[in-house]
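Engineer: I'll drop the sequence and a predicted model, then ask my questions.
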Amino acid sequence: MTKLWGGRFQKSAESWVDEFGASIGFDQQLVMEDIEGSIAHVTMLGNQGILDSNDVEQILAGLAELKIKAEAGELEFTVANEDIHLNLEKMLTDLIGPVGGKLHTGRSRNDQVATDVHLFLKKRVNEVVELIEIFQKAIMEKAEQHVETIAPGYTHLQRAQPISFAHHLMAYFWMLERDKERFTESMKRIDILPLGAGAMAGTTFPIDREKTAQLLGFSNVYANSMDAVSDRDFIVEFLSNASLLMTHLSRFAEEIIIWSTDEFKFIELDDAFSTGSSIMPQKKNPDMAELIRGKTGRVYGNLIGLLTVLKGTPLTYNKDMQEDKEGMFDTVHTILGALKIFEGMVRTMTVNTERLHAAVHSDFSNATELADYLATKGMPFREAHEVTGKLVFTCIQKGIFLLDLPLEEMRCESELIEEDVYDVLKPHAAVSRRNSLGGTGFDQVRLQLEKAKTCLNHF
Ligand code: ARG
């Protein structure tokens, strides 16, 4: 088959060579964006008198037909036509004749492909932001039910201090809020139009790039045609934002997995988000959480992959850049899927409040309360820490907890300790008294939930 660019060639490559160079296998996902870009381009060419209105009408009619077919999934792409751009151009000329060849006036695949990807990411980043918010809402609603559910808080995965379970959940809300911010802010750099850069040096045709930008809904155009066709920063930025999002999801997934073990049993996942074992009948596995944790690896890989692709490429376009797409598609697919699954998992999970209650009443996570109590009574905190540590040690030896230790024994270490210490040591009191701004105190958590509500713009 003759190539659309075949004029200067004396022989054609063998099909397996074509296959290696082709991107149609994956860039067909840009079919809608490619058609949209062409519609805007040819409209602008008509407005500028570069093409006459008759030609423009025929091309627009052809593109409209291709769009309908694309929506119906009826277009058949071939490797022989290399990529989405050449496939569509060939289909257009097959449909309307040689006039279809005028569509590419003043345009190159270099500015075309960059435009397609900008259009694609603009749409997808909006979807990502929306899904993040839906997930944030699920976290917030779960948290609202558990403001007064006391749970152990951890450092080093060792019991540290009692917390409101809502406080723990809401920590993820704020991570996601920053993710949402990052994606939203990145839009400024996605929202720039490369089209009109030509192959790399601009074009001799009197095009109107501002017009094309307006038709496609871009707020800006690239100021430098060489930068326009070489820039893949916006994809790197997307992959980087996606990587950080996945880091947050993966940490949360890890906690979900730990919390669902028999050892913890802090939560139970809904059957709809769990799986069984083919051999062990009793099993209920948190596969979805594990998979999200696992898929984090491929998203990081996609980021490193693209950075590596770009690092040695001279200006401007190089075929290396065709490698920008698979990782990007995969990442879009992965994060949209992960967010959707996670939302359902959190919305439907059951929190085992009794188990959390029991956990926090059988540990030393109230030890800081005792140290603070002594410090409030005038003892230097360092000394209060030492005294409390000794009392913890006494308890460990006796196999009891601080709340079980008789007052006389406490007073052996410090005369400052009085009967009121037992109220202070209760986990509920420990939580409610942590009323510093952003702390786990119930009032603070309620305040935090109020603040969180104002972050949900889509609801
Ligand atoms: N399929 C190519 C890509 O994805 C389109 C641009 C091709 N440009 C070129 N000069 N070969 O990068």
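Structural biologist: Cool, the structure landed. The structure displayed is predicted, hence computed values, not measured ones. Numbers count the residues shown, from 1 in each chain.
Engineer: Restricting to C-alpha, output the lowest-mean-pLDDT helix or strand in the chain in PDB.
Structural biologist: In the chain, the helix or strand scored least confidently by mean pLDDT, DSSP states H and E is helix 15-21, which has a mean of 92. Once non-C-alpha atoms are left out, helix 15-21 reads as follows in PDB (Å, rounded to 0.1, in the frame of the first residue of the first chain):
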ATOM      1  CA  SER A  15       5.000  -5.100   7.000                       C
ATOM      2  CA  TRP A  16       6.800  -6.200  10.200                       C
ATOM      3  CA  VAL A  17       8.900  -3.000  10.000                       C
ATOM      4  CA  ASP A  18       5.700  -0.900   9.600                       C
ATOM      5  CA  GLU A  19       4.200  -2.800  12.600                       C
ATOM      6  CA  PHE A  20       7.200  -1.800  14.800                       C
ATOM      7  CA  GLY A  21       6.700   1.900  13.900                       C
END
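Engineer: And the contacts of that helix?
Structural biologist: If you take Cβ atoms under 8 Å, 6 or more residues apart in numbering as the criterion, helix 15-21 is touched by 13, 79-80, 82, 319. (C-beta placed from N, C-alpha, C; glycine too.)
Engineer: In it, which residues are buried?
Structural biologist: Residues of helix 15-21 classed as buried: Asp18 (neighbour count, 16 or more other Cβ atoms under 10 Å).
Engineer: how far does that helix sit from the chain's center?
Structural biologist: Offset of helix 15-21 from its chain centre (Cα atoms, centre = their mean, to the nearest Å): 34 Å.
Engineer: Helix or strand next in line after it, which one?
Structural biologist: As assigned by DSSP states H and E, the chain's next helix or strand after helix 15-21 is helix 24-27.
Engineer: Who are the packing partners of that following helix?
Structural biologist: Judged by 3 or more Cβ pairs under 8 Å, 6 or more residues apart in numbering; DSSP states H and E, helix 24-27 is in contact with helix 84-96, helix 325-348.
Engineer: re earlier: quick check, nearest of the contacts of helix 15-21 to the ligand?
Structural biologist: Distance ranking of the contacts of helix 15-21 against the ligand, using Cβ to the nearest ligand atom, places Lys319 first at 5.8 Å.
Engineer: What pLDDT does the model give the closest one?
Structural biologist: You'll see Lys319 listed with a pLDDT of 97.
Engineer: Next, count neighbours for it.
Structural biologist: The burial count assigned to Lys319 is 9, neighbours taken as other Cβ atoms under 10 Å.
Engineer: Excluding chain neighbours, give the residue nearest to it in space.
Structural biologist: Nearest non-adjacent residue to Lys319, counting by Cβ to Cβ, 6 or more residues apart in numbering: Gly21, 7.5 Å away.
Engineer: Could you check how far the one you found is from the ligand?
Structural biologist: Gly21 sits at a distance of 9 Å from the ligand (criterion: Cβ to the nearest ligand atom, to the nearest Å).
Engineer: Equivalent analysis for Arg109, please.
Structural biologist: In this structure, Arg109 and the ligand are 4 Å apart, going by Cβ to the nearest ligand atom.
Engineer: coming back round to it: mind putting the helices and strands packed on helix 24-27 into a markdown table with mean neighbour count and mean pLDDT?
Structural biologist: Listed next are the helices and strands packed on helix 24-27 as a markdown table, based on neighbours: other Cβ atoms under 10 Å; pLDDT from 0 to 100:
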| stretch | mean neighbour count | mean pLDDT |
| --- | --- | --- |
| helix 84-96 | 21 | 98 |
| helix 325-348 | 20 | 98 |
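Engineer: Any chance of JSON lines for the ones you listed, columns distance to the ligand?
Structural biologist: Shown next, in JSON lines, are the helices and strands packed on helix 24-27 (distance: least, Cβ to the nearest ligand atom, whole Å):
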{"stretch": "helix 84-96", "distance to the ligand": "6"}
{"stretch": "helix 325-348", "distance to the ligand": "6"}
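Engineer: would CSV of the ones you listed with distance to Leu245 be doable?
Structural biologist: Output for the helices and strands packed on helix 24-27, formatted as CSV (distance: least, Cβ to Cβ, whole Å):
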stretch, distance to Leu245
helix 84-96, 28
helix 325-348, 6
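Engineer: Quick one, which of those gets closest to Pro162.
Structural biologist: Among these, helix 325-348 comes nearest to Pro162, with 22.1 Å by Cβ to Cβ.
Engineer: and the closest one, how far from the chain's centre?
Structural biologist: In terms of Cα atoms, centre = their mean, the centre of helix 325-348 is found 8 Å from the chain centre.
Engineer: Can you spell out which helices and strands pack onto the helix or strand just after that helix?
Structural biologist: Next along the chain after helix 325-348, taking DSSP H and E as the criterion, comes strand 350-351. The contact analysis (3+ Cβ pairs under 8 Å, 6+ apart) places strand 350-351 against strand 267-268.
Engineer: for the record, mean pLDDT for the helix or strand containing Thr394?
Structural biologist: Remark: Thr394 resides in helix 381-398, with elements defined by DSSP H and E. Across helix 381-398, pLDDT averages out at 96.
Engineer: again, but for stretch 190-201
Structural biologist: Stretch 190-201 carries an average pLDDT of 98.
Engineer: What are the buried residues along it?
Structural biologist: Neighbour-count burial for stretch 190-201 flags 190-200 (criterion: 16+ other Cβ under 10 Å).
Engineer: Pick out whichever of these sits closest to Leu402.
Structural biologist: Ile190 (55.2 Å).
Engineer: That's all I had, so thanks and see you.
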